[in-house]
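**Q** Only the shape, not the letters, is given here:
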């Protein structure tokens, strides 16, 4: 008994669990993969929120620039005002430039597909079956036929949504945020240059 109590307990070696291969896109059943649908829906919601936020910022800059333009024009046209008016002219030019950039950012822009698509033929580059300026070039019968093909399986539907998300993101980045960023820069430079000229005067 004493010898048995003095013996150390046997060491049990832990067996490593076999490493599972990484799950690929094709390995998941597309008919039960709800996480993909949730991700696509959330991506679309985020893009819509970003687009609305850019329009809100553009409208805010339009209002501020219009007020600044009205103030600067009243000073420039005031003949009773004595002294240099260079800083007021800077405000006029800067406010007008900001207004034009913000108006361009909020201007509806959609590329029109003028190329005629042959029946059952390949779609041209940049064609978006989920965007109205693209699918209006198709006849109703051809549009239904192509949509039936897209909706025939979840992978095809996911690919169509991904193409639409990518084109929407490029549109926001190029047609909205780029001119809006320039408008903010011009507006800030207008105040800086105007303040410097006013101090020098």
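**A** Perfect, I can see it now. Values in this document were obtained by computation on a predicted structure and should not be read as measured data.

**Q** Beyond the helix or strand of the chain with the lowest mean pLDDT, next helix or strand please.
**A** Lowest by mean pLDDT, DSSP states H and E among the helices and strands of the chain is helix 2-6, with a mean of 53. Next helix or strand after helix 2-6 toward the C-terminus (DSSP states H and E): helix 34-76.

**Q** Can you list the helices and strands that that next one packs against?
**A** helix 86-106, helix 154-171, helix 178-200 (3 or more Cβ pairs under 8 Å, 6 or more residues apart in numbering; DSSP states H and E). Every residue, glycine included, has its C-beta placed from N, CA and C.

**Q** Mean pLDDT lowest where, among those helices?
**A** Note on the helices and strands packed on helix 34-76: helix 154-171 shows the lowest mean pLDDT, a mean of 90.

**Q** Give me the contacts around that helix.
**A** 30-31, 33, 36, 40, 43-44, 47, 109, 126, 128-131, 149-151 (Cβ atoms under 8 Å, 6 or more residues apart in numbering).

**Q** Now restrict those residues to buried residues only.
**A** With neighbours counted by 16 or more other Cβ atoms under 10 Å, the contacts of helix 154-171 contain buried members at 36, 40, 47, 128-129, 131.

**Q** now residue 95: how far from residue 64?
**A** Distance, residue 95 to residue 64, by Cβ to Cβ, to the nearest Å: 8 Å.

**Q** whoops, I mixed them up, residue 135
**A** Counting by Cβ to Cβ, the gap from residue 135 to residue 64 is 39 Å.
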